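1. when you get a sec, could you give me coordinates for this:
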Amino acid sequence: MRALIQRVLWGRVTVASRSVAEIGSGLVILLGVGPADNDKQVKYLVDKIANLRIFEDQAGKINRSILDAGGEALVVSQFTLYADTRKGRRPSFTDAASPEIAAPIVEKFVAQLQSRGVPTRTGEFGAHMLVEIANDGPVTIWIES
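-> From the prediction side, this is the model:
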């Protein structure tokens with residue numbers, strides 16, 4: 001699994017001019033699933049992201065997790081994180097999991113993040129989405145399981 005996380009002041013997902021999800025301060029998580037990913041990778045990423053200390057404390061030091069900061073999460077499934085651009089000019093996405101494999105794994109990821117106490121919203125799996133963010137910092141981190 002691959003996650004590109006961004007610390008945000010706010011985030012929003014729109015599908016066909018309809019607001020699907022919106023959060024305030026927290027993390028926008030772009031989540032890619034590979035064909036061999038399973039519960040082990042889900043647990044690893046959820047543990048890592050929920051406890052990653054990338055929010056400022058009262059002294060202005062980056063020392064608090066999303067749990068400590070009381071932030072929200074917006075998870076957007078994004079198979080393009082598995083793009084292979086080594087050959088030619090058109091990316092290949094053959095390393096990404098099929099929708100039948102990826103959708104339940106994304107759902108497990110969201111459920112586990114919520115069970116940790118992180119209010120979590122999602123985009124629409126498989127839809128063409130407009131994702132808007134106000135990246136705070138900017139802080140953008142790539143995590144791979």
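2. walking through this structure, point out its helices one by one.
-> Using DSSP state H, the helices of the chain run over residues 39-51, 66-69, 99-115.
3. what's the closest of those to residue 20?
-> Among those, helix 99-115 comes nearest to residue 20, with 13.6 Å by CB to CB. Any C-beta I mention is one placed from the backbone N, CA and C, and that applies to glycine too.
4. identify the residues contacting the residue positioned nearest the centre of the chain.
-> Centroid-nearest residue in the chain, with CA atoms, centre = their mean: residue 29, separated by 1.7 Å. Contacts for residue 29 were tallied using CB atoms under 8 Å, 6 or more residues apart in numbering; they are 3-6, 49, 73-76.
5. how does it look with 10 Å?
-> Residue 29 sits next to 3-6, 11, 45, 49, 66, 73-78, 109-110, 113, 118, 120, 122, 143 when contact means CB atoms under 10 Å, 6 or more residues apart in numbering.
6. select only the buried ones of these in PyMOL?
-> The PyMOL selection below is limited to those of these classed as buried (16 or more other CB atoms under 10 Å):
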select buried, resi 3+4+5+6+11+45+49+66+73+74+75+76+77+78+109+110+113+118+120+122+143
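7. pull the number of nearby residues for residue 24.
-> 14 (other CB atoms under 10 Å).
8. surely it meets residue 72?
-> Yes - using CB atoms under 10 Å, residue 24 is in contact with residue 72, at 6.0 Å.
9. any shared contact partners between the two?
-> 8, 10-11, 119.
10. distance-wise, check residue 107 relative to residue 145.
-> Residue 107 sits 17 Å away from residue 145, going by CB to CB, to the nearest Å.
11. neighbouring contacts of stretch 40-52?
-> 1-3, 5, 7, 27, 29, 31, 33-34, 37, 62, 64-68, 73, 75, 105-118, 141, 143-145.
12. ranges for the strands of this structure?
-> 2-15, 18-23, 26-32, 55-56, 62-64, 72-77, 120-122, 130-144 (DSSP state E).
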